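>>> coordinates for the following, if possible.
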Amino acid sequence: MQQLRWQVARLGSMGKIGVGLFVVAGIFFLGAVLPAKKELAALEERAETLQMQAKQRLLSGDVPIVEKKLTNDQALQAFYEFFPRFDSSPFWIRELVRIAQKQGVEVNSSDFKLTFERDWRLSRYEIIAPVRGRYSQIRGFMAEALETIPNMAITGFTIKRDNVQSTQLEMRLEISLYLNE
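Model (predicted):
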C-alpha cells in the first residue's frame, strides 16, 4: 500500500489526469463501444440474410418481371402507396406514446399541426413533443420510433439539462409524420 501511494505521488498532477482519462476511456469503451459493436454485428448479419433472401427470390422467379421494371408513373404511385393513409394518424400517435412508455420516457402535452402541401399527395403532421428521461431512454425511444414508424422523420430537437449532475434530460422533440391523402 505504501509503495502504491509513492507511485501515485510520483505521477504528479498530469500523470493523475492521464490515468483518469485512461480509466474513463475504458469505461466508455465498455459502456458504449462494445454494445454498439454488438448491435452493428447483428444488423450486418440481418442485412446479409435479407440480401440472400432477395437474391433467392429473384433467382427462383417469385418476382414477376413486371415488378422488376416500373415506369416513372408506376414508381411514383408505389412511392405514395408506401405512406399510410391520412386517417391512420391516431394510430401512429398512439404508437409513439406506446414506444415512449416502453422506453421509460415521459411525454408531456404535445402541439400538433397539420400541413397540406399544395402540389403533393402527402400531408405533413408536425408534432412538437416535450419529452423527459435519461439519455439512454430518449435515445432508445428515438431509435425505436424511427424503426417502427417508417413514415416518421425527426426534424429537430433541443436538449436541456438542469445541471451537470442531473441524469434527467428535457428535450423538445420535433417530429413530422408523412401521410398519404
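
>>> pLDDT weak spots in the chain?
Screening the chain residue by residue with the criterion pLDDT under 70, one finds the ranges 61-68, 70.

>>> care to break it down by domain?
Taking automatic domain parsing as the reference, the chain has its domains at 1-69, 77-180.

>>> what segments of the protein are strands?
106-107, 111-116, 122-134, 152-161, 168-180 (DSSP state E).

>>> which stretch among these comes nearest residue 144?
With C-beta to C-beta as the criterion, residue 144 lies closest to strand 152-161 of the strands of the chain, at 11.0 Å. (C-beta placed from N, C-alpha, C; glycine too.)

>>> in the closest one, which residues are buried?
Along strand 152-161, the positions that meet the burial threshold by neighbour count (16 or more other C-beta atoms under 10 Å) are residue 152.

>>> partner strands of it, with direction?
The pairing partners recorded for strand 152-161 under DSSP bridges are strand 168-180 (antiparallel).

>>> now the angle between strand 111-116 and the partner strand, please.
Note on geometry: by axes from the mean of the first three to the mean of the last three C-alpha atoms, to 10 degrees, strand 168-180 and strand 111-116 are set 20 degrees apart in direction.
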